[in-house]
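> Based on what follows, work out the 3D shape:
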Amino acid sequence: MNPLGNGQAVISNSELVPEKRLTLIHRVIVPDEDYPKEYAILVTDRRLVFIHQNKTRSTFWLRREMSYGTALITDIAPKTLEDYQQTSLEALAADSTNITVPFETVSSLAMKKETPKPGRLDFLVRLTRKKQREEFQVYNFELNYRQSPNNAILIKFYMVPLGTYFKPRRQTQTRETILREYAEDALGIFRKVLPAQVFS
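Numbers count the residues shown, from 1 in each chain. Below is the predicted model:
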């Protein structure tokens with residue numbers, strides 16, 4: 001509300017219209033010095049809320065997933081929008097383990113891809129690539145936003161779906177196609193809610 005000199009108040013449209021929960025991107029991985037962090041991204045009509053998930057595997061395996069885009073986790077069910085219906089958006093935003101990004105604070109968002117180069121210890125990855133005759137194409141996003149006028153933040157997150165998403169599609173699609181579509185679906189969501197000028 002914006003107070004007026006006569007004691008009345010002006011109510012903005014955002015205060016009149018309830019915030020809408022639009023969709024959920026069920027898993028991304030954010031690099032971290034200690035261990036990669038897993039998030040689901042709740043998309044509303046006003047902001048992105050990165051909801052911190054319980055760690056599903058050891059740091060070693062999460063780093064491999066993030067590096068190669070390989071969905072190794074097959075026994076974890078992805079969260080859905082309905083899983084968060086009973087939790088208020090204010091509570092999610094207030095949780096210090098989550099990351100909230102209002103749309104108006106976003107300065108840029110870019111989808112990128114990396115071609116991994118397995119090291120000597122990644123024998124399994126090299127063997128799988130040779131057997132399947134496929135490249136492991138990794139997709140990630142770089143999101144720049146401002147928490148305050150003097151505090152710019154970059155979040156880099158990798159699009160690595162859980163095995164329950166990946167495995168059924170693997171029967172009819174290549175690994176590269178599945179991972180590209182997962183990333184492009186997320187890009188399509190972001191394009192619908194963020195200003196066009198933030199995309200590079």
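> Spell out the residue ranges of the strands in this protein.
Using DSSP state E, the strands of the chain run over 2-3, 9-10, 21-30, 37-44, 47-52, 99-102, 106-114, 138-148, 151-158.
> Which residue ranges of this protein form helices?
13-16, 59-68, 89-94, 123-132, 163-169, 175-193 (DSSP state H).
> Tell me which residue lies nearest the centroid of this protein.
Nearest to the mean C-alpha position of the chain, counting by CA atoms, centre = their mean, stands residue 28 at 4.2 Å.
> Identify the residues contacting it.
By CB atoms under 8 Å, 6 or more residues apart in numbering, residue 28 lies in contact with 38-41, 50, 141, 157-160, 186. Yep, even glycine has a C-beta here, placed from its N, CA and C like the rest.
> Could you measure from the residue nearest to residue 102 when sequence neighbours are not counted over to residue 39?
With CB to CB, 6 or more residues apart in numbering as the criterion, residue 102 has its nearest non-adjacent residue at 4.5 Å, and that residue is residue 47. Residue 47 sits 14 Å away from residue 39, going by CB to CB, to the nearest Å.
> and what of residue 109?
Distance from residue 109 to residue 39, by CB to CB: 16 Å.
> With residue 139 instead?
Distance of residue 139 to residue 39, given as CB to CB: 16 Å.
> what does stretch 89-104 rub up against?
Against stretch 89-104 from outside (CB under 8 Å, 6+ apart): 19, 21, 39, 42, 44, 46-52, 84, 143, 145, 155, 193-195.
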